[in-house]
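Participant: sequence and predicted structure are below.
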Amino acid sequence: MAPVRSVHAYFSSRDLTFSGVRFELPVPKLGDFSAYLAKFTHNGAVFTTASGDERRNVFDVRLAGAHRRMDWDGEAMHQTGSLGAQAIEADAVGSSVGYTIDAAAWMPRIGLSFDAATGDSDAHDGRLETFNPLFPNGFYLANYTGYSNVIHVKPSLSLQPRKTLRLTFAIAGQWRETTSDAVYLFPAVPLVGTAGKSGLHTGTYLQTHASAVLTPHVALALDAMYYTIGDATRQAGGRNSTYVGLEIKYALTANISDAVRTKEGS
């Protein structure tokens, strides 16, 4: 058995705390395996179907690796605990697989991402099933939808015209896991007027991402997205939108080559 690579512990403030332990170890031929156990507390938390002091236990496992032309990254999460008088029982999965045709010009990579997180299917059963993403990444799910009560499917194509330039084109569809719960906006804010309304489909977006290394110290990333909303969001007053983001990274050391990569989570 391979030795544990690292262990981490975290702690925050009195009304909002996060503490836990995380392990990493390599698995031959499969990649890097990691897992963490954590305790999250939030006094005065508010969800669509429940509110109160949140006490959430988090269990997470992840496996990421690559072999020849294939690469993969999969994660599963389970949450228990309580919110006020309700018991918490929530789950989520995230995955990304890709195949790179390295013998072809521009080294095309065909990718597919799939994510799902539970919502609360019954507001009166004494159980809260809404997944809490805790501290979500701002780039995830196209900066629009939160990682709660969601199903997300995203095929993509990446090209590398130059060693220092990578382009990614993607189209993604998003649905609610249950219409009993709300549509959640980033980071985990329920959209008023969507819980209990018909319409599983919450939106479709087109995305273009470009990342480039300009100098050994400077890298640039550009994202452009067009998001069309579903019926439930439209009935709540939402509108289609366009997003453009520019990111510039500067490294003191002359090694910023990791900036040119496919952002499957975006």
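Facilitator: Yep, it's here. What you see is a predicted model, and the numbers here were worked out from it, not measured in a lab. Numbers count the residues shown, from 1 in each chain.
Participant: the helix or strand bottoming out on mean pLDDT in the chain: what's the following helix or strand?
Facilitator: Least confident helix or strand of the chain, by mean pLDDT, DSSP states H and E, is strand 6-10 with a mean of 48. Following strand 6-10 in sequence order, the next helix or strand is strand 16-27 (DSSP states H and E).
Participant: show me what that following strand is packed up against.
Facilitator: Packed against strand 16-27 by the contact rule (3 or more C-beta pairs under 8 Å, 6 or more residues apart in numbering; DSSP states H and E) you find strand 6-10, strand 31-46, strand 51-67. C-beta: built from backbone N, CA, C; applies to glycine.
Participant: now the second one, how far from the chain's geometric center?
Facilitator: Centre-to-centre, strand 31-46 and its host chain are 14 Å apart (C-alpha atoms, centre = their mean, to the nearest Å).
Participant: now the angle from that strand to strand 16-27?
Facilitator: 170 degrees (axes from the mean of the first three to the mean of the last three C-alpha atoms, to 10 degrees).
Participant: okay, and for the chain, where does confidence drop off?
Facilitator: Scanning the chain for pLDDT under 70 picks out 1-13, 138-143, 254-266.
Participant: can you pull out the strands in the stretch 101-250 of the chain?
Facilitator: Here the stretch 101-250 of the chain has its strands, by DSSP state E, counting those that start in this stretch, at 109-117, 127-128, 150-162, 165-175, 184-185, 189-190, 201-213, 218-229, 241-250.
Participant: which residues sit against the second one?
Facilitator: The list of residues contacting strand 127-128 from outside it, by C-beta atoms under 8 Å, 6 or more residues apart in numbering, reads Phe47, Thr49, Ala50, Leu83, Gln86, Ala87, Ile88, Glu89, Ala90, Asp120.
Participant: are any of the residues you listed buried, and which?
Facilitator: Phe47, Thr49, Ala50, Leu83, Gln86, Ile88, Ala90, Asp120 (16 or more other C-beta atoms under 10 Å).
Participant: dump these to JSON lines, plus distance to Gly126.
Facilitator: Compiled in JSON lines, the buried ones among the contacts of strand 127-128 are given as follows (distance: C-beta to C-beta, whole Å):
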{"residue": "Phe47", "distance to Gly126": "14"}
{"residue": "Thr49", "distance to Gly126": "11"}
{"residue": "Ala50", "distance to Gly126": "10"}
{"residue": "Leu83", "distance to Gly126": "11"}
{"residue": "Gln86", "distance to Gly126": "6"}
{"residue": "Ile88", "distance to Gly126": "11"}
{"residue": "Ala90", "distance to Gly126": "14"}
{"residue": "Asp120", "distance to Gly126": "11"}
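Participant: roughly how far does Arg14 sit from His42?
Facilitator: Shown here: Arg14 relative to His42, a distance of 11 Å by C-beta to C-beta, to the nearest Å.
Participant: revised request: answer the last question for Pro190.
Facilitator: Pro190 is 15 Å from His42, by C-beta to C-beta.
Participant: and the two? which has more neighbours close in?
Facilitator: Neighbours were counted for Pro190 and for His42 using other C-beta atoms under 10 Å; Pro190 has more, 21 against 18.
Participant: excluding its backbone neighbours, what's nearest Gly74?
Facilitator: Among residues not flanking Gly74 along the chain, Ser95 sits closest, at 4.4 Å (C-beta to C-beta, 6 or more residues apart in numbering).
Participant: cool, and Ser156?
Facilitator: Nearest residue to Ser156, sequence neighbours excluded (C-beta to C-beta, 6+ apart): Ala170, at 3.7 Å.
Participant: cool, Thr253 as well?
Facilitator: Using C-beta to C-beta, 6+ apart, the closest residue to Thr253 is His217 (7.9 Å).
Participant: look at that neighbour and say how many residues are nearby.
Facilitator: Neighbour tally, His217, other C-beta under 10 Å: 14.
Participant: next one: Pro216
Facilitator: Quick note: Pro216 (other C-beta under 10 Å) scores 12 neighbours.
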